[in-house]
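Colleague: Okay, predicted coordinates and the sequence, questions at the end:
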Amino acid sequence: MIQTISNVALIATTELKRTLITRRGLISLAAFALVWLLLLTLLIRRAPMLIANGTTLGSLIESESILSLAKWRVPEFGLFWIIALYLFPMCCVVFAADQTASDKTRGTLKLLTLHTSRASLFFGRFVGLMLVQCTIIALALISTVIVAALRDPSLLMSSLNSSLFIWINLLIVIAPYTALMALISLFAKSGMQAVNYAAILWILLFFAVYWLSSRFPEAAALKSVFPGSQVSELVQHHNWSSLSTALAPALQTLFFLAGGLFLIHRIDL
């Protein structure tokens with residue numbers, strides 16, 4: 001057990017280093033940084049004005065999602081919360097797609113299993129991708145803290161508290177997406193193919209659930225099988241009561257990881 005944990009930690013650390021120092025990893029980070037800089041400049045920096053106008057509109061159309069933005073002590077983080085709940089899961093699907101696919105195609109996955117167990121490799125890649133995303137989310141939050149503090153230095157402590165809240169909740173949100181891509185990557189031959197498989201799976205499940213719900217109302221509960229099914233509820237949270245929605249993503253993550261662990265021991269590497 002201790003050796004397995006050690007191997008998982010080593011693989012996870014290697015995955016983090018590979019993202020931060022390799023050309024491919026740096027290009028991906030640079031692309032995200034440019035997109036985030038654009039959002040930070042055009043939207044988040046102007047959050048106080050946008051939210052003031054948005055809550056006025058929200059009162060007219062009775063939109064709880066828009067009105068919930070007014071509950072945030074720091075407007076920049078209210079807008080960050082809404083953007084991040086939809087942006088980071090989409091980025092996660094692309095970023096975490098190639099956990100084992102390319103290595104399996106090149107034959108290096110079989111070579112790696114000569115030095116560690118299949119389980120250690122599978123969980124190590126998953127943990128490594130979670131560490132990478134932890135870092136990216138933290139850097140995005142730090143940039144938002146700076147923007148808010150420059151506008152009003154008295155908001156620094158509130159900004160830090162909001163950052164911790166958002167950071168933990170976003171990790172809970174993206175965990176099932178990362179686990180699902182770890183599972184799908186075992187079928188795929190490349191990261192792009194894994195993304196395509198994920199898109200096809202989502203579309204098929206969506207129409208299947210929609211069709212069943214239209215005929216059997218109780219089947220609407222099947223929507224909870226989708227990662228991110230709690231996002232529409234999370235949008236309205238601005239405090240730690242959000243953790244009441246954590247059960248669904250936790251169970252989804254465990255289910256996908258269990259499926260991946262079962263599969264990796266049975267596929268031909």
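Modeller: Here it is on my side, so go on. As the structure is a prediction and not an experimental result, all values here were calculated from the model. Residues are numbered from 1 along each chain as shown.

Colleague: Spit out the contact partners of residue 249.
Modeller: 172, 173, 175, 176, 227, 230 (C-beta atoms under 8 Å, 6 or more residues apart in numbering). C-betas here are computed from N, CA, C, even on glycine.

Colleague: which residue sits closest to the last one in space, ignoring its chain neighbours?
Modeller: Leaving aside its sequence neighbours, residue 230 sits nearest to residue 245 (C-beta to C-beta, 6 or more residues apart in numbering; 4.1 Å).

Colleague: got the contact list for that neighbour?
Modeller: If you count contacts by C-beta under 8 Å, 6+ apart, then residue 245 has 230, 233, 234, 237 around it.

Colleague: Just the buried ones from those?
Modeller: With burial judged by 16 or more other C-beta atoms under 10 Å, the buried subset of the contacts of residue 245 is 230, 234, 237.

Colleague: Kindly reformat these as TSV containing pLDDT and distance to residue 196.
Modeller: TSV is the format used below for those (pLDDT from 0 to 100; distance: C-beta to C-beta, whole Å):
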residue	pLDDT	distance to residue 196
230	80	26
234	84	28
237	79	33
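
Colleague: Looking at those, spot the one nearest residue 82.
Modeller: residue 234 (9.8 Å; C-beta to C-beta).

Colleague: hang on, isn't the closest one packed against residue 82?
Modeller: No - checked against C-beta atoms under 8 Å, the pair residue 234 and residue 82 is beyond contact range at 9.8 Å.

Colleague: following whichever strand or helix holds residue 196, which helix or strand shows up next?
Modeller: Secondary structure from DSSP states H and E places residue 196 in helix 191-215. Next helix or strand after helix 191-215 toward the C-terminus (DSSP H and E): helix 231-234.

Colleague: hmm, back to that, go through the buried ones among the contacts of residue 245 and say which is closest to residue 112.
Modeller: residue 230 (35.0 Å).

Colleague: which non-adjacent residue is nearest the residue positioned nearest the centre of the chain?
Modeller: Closest residue to the average C-alpha location of the chain: residue 174 at 2.6 Å, with C-alpha atoms, centre = their mean. The shortest distance from residue 174 to any non-neighbouring residue, by C-beta to C-beta, 6+ apart, is to residue 92 (4.6 Å).

Colleague: And the pLDDT for that neighbour?
Modeller: At residue 92, the pLDDT value in this model is 88.

Colleague: Can you report how many residues lie near it?
Modeller: 25 (other C-beta atoms under 10 Å).

Colleague: low-scoring stretches of the stretch 1-150 of the chain, by residue?
Modeller: 1-2, 52-68 (pLDDT under 70).

Colleague: quick one: the helices in it?
Modeller: Counting by DSSP state H, counting those that start in this stretch, the segments of the stretch 1-150 of the chain that form helices are 2-21, 23-42, 47-61, 64-68, 75-95, 101-106, 108-112, 118-151.

Colleague: Redo those as CSV? Include distance to residue 211.
Modeller: Shown next, in CSV, are the helices of the stretch 1-150 of the chain (distance: least, C-beta to C-beta, whole Å):
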stretch, distance to residue 211
helix 2-21, 39
helix 23-42, 35
helix 47-61, 30
helix 64-68, 27
helix 75-95, 24
helix 101-106, 31
helix 108-112, 38
helix 118-151, 32
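
Colleague: Indicate which one of the ones you listed is closest to residue 256.
Modeller: Nearest to residue 256, of the helices of the stretch 1-150 of the chain and by C-beta to C-beta, is helix 118-151 at 9.4 Å.

Colleague: Output the contacting helices and strands for that closest one.
Modeller: helix 2-21, helix 23-42, helix 75-95, helix 156-185, helix 247-264 (3 or more C-beta pairs under 8 Å, 6 or more residues apart in numbering; DSSP states H and E).

Colleague: if we go to 10 Å?
Modeller: If you count contacts as 3 or more C-beta pairs under 10 Å, 6 or more residues apart in numbering; DSSP states H and E, helix 118-151 packs onto helix 2-21, helix 23-42, helix 47-61, helix 75-95, helix 108-112, helix 156-185, helix 247-264.

Colleague: The nearest residue to residue 79 once chain neighbours are set aside - how many residues pack around it?
Modeller: Closest residue in space to residue 79, ignoring its immediate chain neighbours: residue 47 at 4.2 Å, by C-beta to C-beta, 6+ apart. Neighbour count of residue 47, defined by other C-beta under 10 Å: 25.
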